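A.B. asks: this one's sequence-less:
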Ligand SMILES: [Zn+2]
Ligand SMILES: [Zn+2]
């Protein structure tokens with residue numbers, strides 16, 4: 001499996017170009033800068049068929065409209081983040097001024113399996129950072145793309161329409177079940193589930209009665 005990470009866009013979200021090594025097609029996860037990513041696709045001779053979105057925040061969907069227009073790729077997003085991605089939510093309204101509205105071709109749900117780029121992406125609903133936050137697991141590669149649900153030794157903020165209780169459930173119940181997986185987050189460097197089980201500062205809440 002090949003994973004190219006390109007931090008880009010208005011606040012440097014990690015955009016990922018992903019494929020099985022021998023696949024002429026690829027998926028792009030959270031395209032934040034269309035010209036930059038399209039240039040990379042052309043350089044490598046790759047065709048993007050799927051745009052997979054971890055959530056609807058402007059910094060992750062900034063390049064969606066333009067990349068879709070250039071490639072004809074289908075866009076996948078959870079329905080609960082659709083209005084946010086379309087630029088209709090109040091959050092970030094000033095910062096996202098100029099955002100081209102992003103619309104999904106398909107809404108994803110827990111357990112969906114998306115065949116793309118020679119790989120299978122399994123949808124894991126992980127609300128908390130946003131209501132429609134999802135992670136994409138490539139089980140045969142023990143890899144998970146977590147968006148802003150989980151970072152290296154951190155998690156995404158929950159003060160912009162999120163819910164800390166939901167985020168804890170998503171982290172402890174769902175992501176921590178992915179033993180041995182490598183984590184590719186929405187910002188900053190990659191990590192592993194085992195590392196996070198040991199060092200994530202939120203683990204102090206793991207057995208806290210508030211979050212049980
Ligand atoms: Zn976010
Ligand atoms: Zn983000």
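C.D. replies: Sure thing, it's come through. Everything numeric here is computed off the predicted structure, so don't read it as measured data. Ligands and ions are numbered 1, 2, ... in the order given.
A.B. asks: what comes up buried for stretch 202-211?
C.D. replies: Neighbour-count burial for stretch 202-211, counted by 16 or more other C-beta atoms under 10 Å, picks out 202, 205. (Glycine included, C-beta is placed from N, CA and C.)
A.B. asks: How about stretch 188-205?
C.D. replies: 190-193, 196, 200, 202, 205.
A.B. asks: if you look at these, which of them are in helices?
C.D. replies: Here DSSP state H is the test, and the buried residues of stretch 188-205 give 193, 196 as lying in helices.
A.B. asks: Let me know the closest of the buried residues of stretch 188-205 to residue 165.
C.D. replies: Minimum distance to residue 165 across the buried residues of stretch 188-205 is 9.6 Å, recorded for residue 205 (C-beta to C-beta).
A.B. asks: Check whether that closest one really touches residue 171, as I assumed.
C.D. replies: No. Residue 205 lies out of contact with residue 171 (C-beta atoms under 8 Å); the separation is 9.2 Å.
A.B. asks: ranges for the strands of the chain?
C.D. replies: 2-8, 13-19, 25-29, 47-52, 74-77, 106-107, 113-116, 119-125, 134-138, 143-147, 150-151, 154-155, 182-185, 191-192 (DSSP state E).
A.B. asks: Show me the contact partners of the last one.
C.D. replies: Looking back up the chat, that one is strand 191-192. Defining contact as C-beta atoms under 8 Å, 6 or more residues apart in numbering, one finds that strand 191-192 is touched by 150-153, 180-183, 185.
A.B. asks: can you rerun that using 7 Å?
C.D. replies: The contact list for strand 191-192 (C-beta atoms under 7 Å, 6 or more residues apart in numbering) reads 152, 181-183.
A.B. asks: now the second one
C.D. replies: Applying C-beta under 7 Å, 6+ apart, the contact partners of strand 13-19 are 2-8, 25-33, 37, 40-41, 46, 59-60, 117-119, 145, 184-187.
A.B. asks: filter the residues you listed to the buried ones?
C.D. replies: Using 16+ other C-beta under 10 Å as the burial test, the contacts of strand 13-19 include 3-4, 6, 8, 26-33, 37, 40-41, 46, 59-60, 117-119, 145, 184-187 as buried.
A.B. asks: Just put the buried residues of stretch 188-205 in JSON lines and tack on distance to residue 52.
C.D. replies: Putting the buried residues of stretch 188-205 into JSON lines (distance: C-beta to C-beta, whole Å) gives the following:
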{"residue": "190", "distance to residue 52": "17"}
{"residue": "191", "distance to residue 52": "20"}
{"residue": "192", "distance to residue 52": "21"}
{"residue": "193", "distance to residue 52": "20"}
{"residue": "196", "distance to residue 52": "22"}
{"residue": "200", "distance to residue 52": "24"}
{"residue": "202", "distance to residue 52": "25"}
{"residue": "205", "distance to residue 52": "29"}
